[in-house]
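**Student:** The amino acid sequence is not available; the structure is as follows:
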Ligand SMILES: [Ca+2]
Ligand SMILES: [Ca+2]
Ligand SMILES: [Ca+2]
Ligand SMILES: [Ca+2]
């Protein structure tokens, strides 16, 4: 009885030829290099199928047999059979790639289509496949008779992002603007580019800068621009003055649902432009002097008689500046007896006298401090603090 069963087992156990997989180990997961793709991406496909490594001394292939084919499909379009080749002669891992070719679409609103949709190729690296915006790529492999492995990855468009690489921009220096829109990597084997509009408070017409893809397959685009107050806007140079806001705008014509395929969204960012001169050197604050009510310089002081404290600031730079000039009087116990300020704007190369009256009520030693801030709300010092000691007899 036992011998009879064993005999049957031997008879019915199939014996495979070298090129046919081991049915007892139906292990062949399919992998893609990303979990989501855009419409013109490259897809790298790997299939782990050790049982298809028929010859450990040579590179084997899978997918090109009619009986055990690989099909790569995007709905109505497909590549079949598609051949994948072993990564090394004994790896049992098979790989290949295809390039998605999207559909006819104008990505920059110039009236000209920017894609070349086509479906062609039989592997392992020459495949091109048309694909729609909201679809999926399905890879199937008939691993063994009646055993079909399937992997599916979604394809969709993305909303682009834009940002300045620096938080604060400086005049007469260059800066970079970056757009990330994976949908604009129209050719994953070449550097693509797109245009960014830039304008400033001082030049609302602005410029159109060309942003270059950072590598062949990054979908990240960078434009280098310079900001100048001495030259008009031209090329990648934008006219602006200190204090301007600089705007960068990218029009995304490749938007995901719920947008329609023909929708456009302007993606914008802005940054403040500042002079490259350090803040503390923006305004020159001179030593104070003292005068009487008629403007004559005071040689001595006395209790209960009014003193005019006269300060002077100058703007040696070629841009106008807003400022707040502060007077502060402290007694010998460091208690503030008087605090006042003058708010104003100083034009380029201008010198301004600022004065404030003060009447000492008691004798003693007083410290008079003057300082310049950019505003009451923004206590950024535009010059070093100046301090003077006076004695009231
Ligand atoms: Ca092999
Ligand atoms: Ca176009
Ligand atoms: Ca590219
Ligand atoms: Ca997009």
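**Tutor:** Thanks, I have the structure now. Only a predicted model underlies this, so the values are computations on that prediction, with no experimental measurement involved. Ligands and ions are numbered 1, 2, ... in the order given.
**Student:** After the helix or strand of the chain with the lowest mean pLDDT, which helix or strand is next?
**Tutor:** When the helices and strands of the chain are scored by mean pLDDT, DSSP states H and E, helix 2-12 comes last with a mean of 40. Reading on from helix 2-12 to the C-terminus, the next helix or strand found by DSSP states H and E is strand 30-32.
**Student:** is ligand 3 contacted by the helix or strand just after that following strand?
**Tutor:** Next helix or strand after strand 30-32 toward the C-terminus (DSSP H and E): strand 42-48. No - counting by Cβ under 5 Å from the ion, no contacts exist between strand 42-48 and ligand 3, the nearest distance being 9.3 Å. From N, CA and C alone the C-beta is placed, and that goes for glycine too.
**Student:** For the chain, what lies in contact range of ligand 2?
**Tutor:** So the chain meets ligand 2 at 106, 108, 110, 112, 114 (Cβ under 5 Å from the ion).
**Student:** Just say helix, strand or coil for the closest residue to the last one other than its chain neighbours.
**Tutor:** Same thing as residue 114. Distances taken as Cβ to Cβ, 6 or more residues apart in numbering put residue 107 closest to residue 114, at 4.6 Å, once the chain neighbours are dropped. Here residue 107 is recorded as coil under DSSP: H, G, I helix; E, B strand; the rest coil.
**Student:** Please apply the same query to residue 280.
**Tutor:** Assignment for residue 280 (three-state DSSP): helix.
**Student:** For it, give me its contacts.
**Tutor:** Listed by Cβ atoms under 8 Å, 6 or more residues apart in numbering, the contact set of residue 280 reads 381, 382, 383, 384.
**Student:** The closest residue to ligand 1 within the stretch 151-300 of the chain and residue 60, how far apart?
**Tutor:** Residue of the stretch 151-300 of the chain nearest ligand 1, by Cβ to the ion: residue 151 (22.4 Å). Distance of residue 151 to residue 60, computed by Cβ to Cβ, to the nearest Å: 20 Å.
**Student:** same thing with residue 256?
**Tutor:** Using Cβ to Cβ, residue 256 is found at 40 Å from residue 60.
**Student:** Tell me which helix or strand residue 133 sits in.
**Tutor:** Using DSSP H and E, no helix or strand contains residue 133.
**Student:** Surely it is in contact with residue 156?
**Tutor:** Yes - with contacts counted by Cβ atoms under 8 Å, residue 133 reaches residue 156, the gap being 6.6 Å.
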